[in-house]
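In: Got a predicted structure plus its sequence, pasted below:
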Amino acid sequence: MDGQRLGAAIVGFAGVALGAFGAHALGDTLDARGRELWDTATLYALVHAGAALATPSQAAGLAFCAGAIIFCGALYGLALGAPSVLGAIAPLGGLALLGGWLATGLAALRPNATGDAK
């Protein structure tokens, strides 16, 4: 099983499904701030699903997936009216996303640039 690709597929699927759900089912339900949060979560999910597929680093791919789930999940929850304490969780996901980009950059510096050492 390829956890990196599976995670990317789950995040990408959720991004498309939740983006469509927000546009069609929640269009009249969300206020302007809720719409902004929803759109940001969808954008970050889709961008990082692609990044998880593209990176040669398995560690980066898993960080992208975990970060997207935490960060985007918090934003989706806030958009739906979850307690504001959820906003304190979003930065943890953001840190994981940054870690994924850092790991991708470090993988690119390796002479063979094929990903994690075996």
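Out: Yep, it's here. Everything quoted here is computed from the prediction, not taken from an experiment.

In: Pass me the low-pLDDT residue ranges in this structure, would you?
Out: Residue ranges of the chain with pLDDT under 70: 113-118.

In: Just give me the residue closest to the centre of it.
Out: Ala68 (2.0 Å; CA atoms, centre = their mean).

In: what helix or strand does that one sit in?
Out: helix 58-79 (DSSP states H and E).

In: which parts of that helix are buried?
Out: 58-79 (16 or more other CB atoms under 10 Å). From N, CA and C alone the C-beta is placed, and that goes for glycine too.

In: now do stretch 12-19
Out: Of all the residues in stretch 12-19, those buried under the rule 16+ other CB under 10 Å are 12, 14-15, 18-19.

In: again with stretch 23-43
Out: For stretch 23-43, using 16+ other CB under 10 Å, the buried residues are 30, 34-35, 37-42.

In: hmm, who's touching it?
Out: 15, 18-19, 22, 71-73, 75-76, 78-81 (CB atoms under 8 Å, 6 or more residues apart in numbering).

In: Over to stretch 48-58?
Out: Applying CB under 8 Å, 6+ apart, the set of residues contacting stretch 48-58 is 3-5, 7-9, 11-12, 15, 60-62, 64-65, 67-68, 97, 100-101, 103-104, 106-108, 113-116.

In: In strands, which of the residues you listed fall?
Out: The strands, defined by DSSP state E, take in nothing from these.

In: how many neighbours does Ser91 have?
Out: For the record, residue 91 is Pro, not Ser. 12 (other CB atoms under 10 Å).

In: mind checking which helix or strand it is in?
Out: Short version, using DSSP H and E: Pro91 is in helix 90-109.

In: quick revisit: TSV please, covering the buried residues of stretch 12-19 and showing distance to His48.
Out: Formatted as TSV, those follow (distance: CB to CB, whole Å):
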residue	distance to His48
Gly12	9
Ala14	11
Gly15	9
Leu18	14
Gly19	14
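
In: so which of the residues you listed comes closest to Gly87?
Out: Distance to Gly87, by CB to CB, is smallest for Leu18 among the buried residues of stretch 12-19, at 18.4 Å.
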